[in-house]
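Enquirer: Prediction below, plus the sequence it came from.
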There are 2 protein chains.
Amino acid sequence: MGFKEEITDHFLNGHQKYLRNISVDCIIFGFHENELKVLLLNAKYAGQWALPGGFIEKEEHMDEAAKRILKQRTGLDDIFLQQFHVFSTPDRSTKKINTQFLKTSGVSMEGSWMFDRFISVGYWALVDFTKVKPVADVFSDACEWFNIHTIPELILDHNDILQKALENLRAQLNYHPIGYNLLPEKFTMPELQKLYETILDRTLDRRNFQRKIFGTGILKKLEETKKGVAHKAPYYHKFDLRKYQKALKGGMGFEL
Amino acid sequence: MGFKEEITDHFLNGHQKYLRNISVDCIIFGFHENELKVLLLNAKYAGQWALPGGFIEKEEHMDEAAKRILKQRTGLDDIFLQQFHVFSTPDRSTKKINTQFLKTSGVSMEGSWMFDRFISVGYWALVDFTKVKPVADVFSDACEWFNIHTIPELILDHNDILQKALENLRAQLNYHPIGYNLLPEKFTMPELQKLYETILDRTLDRRNFQRKIFGTGILKKLEETKKGVAHKAPYYHKFDLRKYQKALKGGMGFEL
DNA sequence: TTATCATTGTGTTATGAAGACACAATGATA
DNA sequence: TATCATTGTGTCTTCATAACACAATGATAA
C-alpha cells in the first residue's frame, strides 16, 4: 500500500479500527548531557512540531495503546509510563490542519472520523536517552529531541499538555523511580543530582543531597570511577531497585 | 415524551448528541455524622448500585459535563471537582446489562452506541452533605448516600474506580480545600479533625492537630459554641478561605 | 445543690530531619 | 611539580513533628 492509499484508508476506515473521539498524546522524557529533553514530531500537515500521539484500538487497553505508540517512536519496550491528565476543550480538532494535509497529499475527502473533535489522554514516559532510536510516523517528517527549556510552538494545545506533564512529573518525583528510568544503568552522583535539579528547577546542596540519597539506601556505590573527565573522577553508582521501590512507597521527600 | 420513548431515543440517537466511546463517572463525597459518604445510584438495569455517570455532549468541555451530571444528582452548582483517572479496560461495556434493561422495559433494539465499549474518566467531587438533595436518573430507582466503609458490590469496575478516587483524595488532601468543601460553614475542631482522620484512615493527636491547623492560620475561631451537646461545648470555627488557598499552594503537610 | 465525668482546650519536652556551611582528597592539565 | 576545578565527607543549627499531662467546661446524675 502506497503512502496515498495508506492515508486515504486511515481517514476513511480508521474508525473501524480505533475508538472515536479519543486519542492519546505522549510526552517522552529523556535525560542527556545534563539536560531534560522531550521527543517531538514535525507534523507534515502543519509544518509545526507536535507531541507523539495515536489512537486506541477497539479492543485495546489505553495503556497498551500508549505503549504501542511509544514503541513505534522509540523502538523501546517496557517503557515506564504514567497517565496524568485528560484534555477536553471542545475545540480540540485537527480538521483544519488535516484538510490542509490531505490537500497537499493530493487526497480529497468529504467527511472523516479524523475531522471530529478528540478528547486526548496525556501520558508521560521516562526513557533511557541512550537507548532511543527516534522514528517519525506517517504524518511526520522528523522525530527529534528538544531541550525542555527551548520548546517551539506546538500544534493545538500541545504546549499546555507538555507544561502539565512537567508539573505532574515534578509532583510525582518522590513516588516513582524517576532516576531509574531516566538514567543509564551506571551513573555518577553529580549526574543524579543534576537530574533532580533539572526536574525540580532549582539547585540542591551537594552534601545534603548525597546524605539524603544514601540515607534511603537506594544506591550501590561501585568501585569504578568515570574515565576521561577533567578533575577528580566521580564514582559510578547503580540503583538497588528493590530498596528504591520500597523507599518510594512512603514518598522520598524532595520538596518543591 | 414517555419513559419508553425517552429510553428508545437515547439508545437510538444519543450518539448524535454525545461523544462516542467515552463517559464520565463521578464519586461524590460528603461528610455527615463523622462519616465519609459517597452518593450511589441503584441501577434499574442491573439491580445493582453504581456511580453516577453520564456522557459528554459534542460541543461540551468534559469538566462541564461532569458539572452537569453532578448538578442533576445533587441539585448543586459550583461543586468542587477533580478529574483523577481514566479507566480503559477493553471489557468496559454495559451491553449485557443494557440489553437486559431494554428487555424488561419492553424495548427491543438491534444495535446502539450504548452497547459499545466506553472509556470512562473518573471525577471526584466534594459537597456539603446538608445541602444535597439526591435525585435518581432515568436509569435508576434510587440515589442514596453510603458510608465509605460499607459500599456494596457495584456494577462493572465501579468498586475499583471508587477505590482509586479515595486514594487520590488522600494524596490530594494537602493541596485542595477539602475541609472547606466537605464541611458546613460553621464546624467544630473535633469535626474537622474527624474529617482528616476519616480521609487519612488513621488517628491524629488532638493537640498536635490543633496546633498545626492554627499554625496555618486558615481558621477563624468564633465566639459561639455548639449547643445541645453533652460535656464541654466546643467552639465553632470557619475557614479564612483566602489564607486557606494560600496555605494550599505549598501543600499543608499532613503525611499519610 | 453538689459531685461526677466525658470532652474540650492548651503548653512543654524530646526527637529527628533538613538546611547552612568548610575543608581535605583527587587527578587531569598547565 | 604546582595548579585548580571538582568530588567526597562531617558538624552545627534550626525547625517541624511526635509524645505526653493537666486544667477548664458544662451537662448529667446523685
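Expert: Cool, got the structure. Numbers count the residues shown, from 1 in each chain, chains lettered A, B, ... in the order given.

Enquirer: CA atoms for contacts and neighbours, from now on please.
Expert: Fine.

Enquirer: give me the element the most centrally placed residue in chain A is part of.
Expert: Central residue of chain A (CA atoms, centre = their mean): residue A:28, 1.2 Å from the mean position. Residue A:28 belongs to strand A:18-32 when assigned by DSSP states H and E.

Enquirer: Within range of DNA strand C, give me the residues from chain A.
Expert: A:205, A:207-208, A:212, A:227-233, A:253-255 (CA under 7 Å from any atom of the strand).

Enquirer: So for the nearest residue to the residue nearest to the centre of chain A once chain neighbours are set aside, what's the pLDDT?
Expert: Excluding the flanking residues, the one nearest residue A:28 by CA to CA, 6 or more residues apart in numbering or on different chains is residue A:125, at 4.7 Å. Looking at residue A:125, its pLDDT reads 98.

Enquirer: for the stretch 101-250 of chain A, what spans make up the strands?
Expert: A:119-126, A:140-147, A:187-188, A:219-225, A:235-239 (DSSP state E, counting those that start in this stretch).

Enquirer: Can you lay out these as TSV showing distance to residue A:36?
Expert: Conversion of the strands of the stretch 101-250 of chain A to TSV gives the following (distance: least, CA to CA, whole Å):
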stretch	distance to residue A:36
strand A:119-126	11
strand A:140-147	6
strand A:187-188	15
strand A:219-225	22
strand A:235-239	20
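
Enquirer: in chain A, what residue is nearest DNA strand C?
Expert: residue A:232 (3.4 Å; CA to the nearest atom of the strand).

Enquirer: Burial check on that residue, number of neighbours?
Expert: If you count neighbours by other CA atoms under 10 Å in any protein chain shown, residue A:232 ends up with 9.

Enquirer: returning to that earlier point: most neighbours per residue, which of the strands of the stretch 101-250 of chain A?
Expert: strand A:119-126 (a mean of 23; mean count of other CA atoms under 10 Å in any protein chain shown).

Enquirer: Describe which strands that strand pairs with in its sheet and in which direction.
Expert: Applying DSSP bridges to the sheet, strand A:119-126 is found paired with strand A:18-32 (parallel), strand A:80-87 (antiparallel).

Enquirer: what would those look like in a markdown table with distance to residue B:32 and mean pLDDT?
Expert: Below are these laid out as a markdown table (distance: least, CA to CA, whole Å; pLDDT from 0 to 100):
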| stretch | distance to residue B:32 | mean pLDDT |
| --- | --- | --- |
| strand A:18-32 | 38 | 97 |
| strand A:80-87 | 31 | 98 |
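
Enquirer: Identify, out of those, the most deeply packed stretch.
Expert: strand A:18-32 (a mean of 23).

Enquirer: Get me the contact residues on the stretch 51-200 of chain A for chain B.
Expert: A:58-63, A:83-86, A:88-90, A:117 (CA under 8 Å from any CA of the partner chain).

Enquirer: hmm, 6 Å instead?
Expert: A:59-62, A:88-90 (CA under 6 Å from any CA of the partner chain).

Enquirer: Buried subset of these as a PyMOL selection?
Expert: Buried subset of those, written as a PyMOL selection, criterion 16 or more other CA atoms under 10 Å in any protein chain shown:
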select buried, chain A and resi 60+61+62+88+89
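
Enquirer: Make JSON lines out of the residues of the stretch 51-200 of chain A next to chain B and add secondary structure.
Expert: As requested, those are exported to JSON lines (DSSP: H, G, I helix; E, B strand; the rest coil):
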{"residue": "A:59", "secondary structure": "coil"}
{"residue": "A:60", "secondary structure": "coil"}
{"residue": "A:61", "secondary structure": "coil"}
{"residue": "A:62", "secondary structure": "helix"}
{"residue": "A:88", "secondary structure": "coil"}
{"residue": "A:89", "secondary structure": "coil"}
{"residue": "A:90", "secondary structure": "coil"}
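
Enquirer: unless I'm mixing things up, residue A:186 is touching residue A:240, no?
Expert: No: Residue A:186 lies out of contact with residue A:240 (CA atoms under 6 Å); the separation is 11.5 Å.
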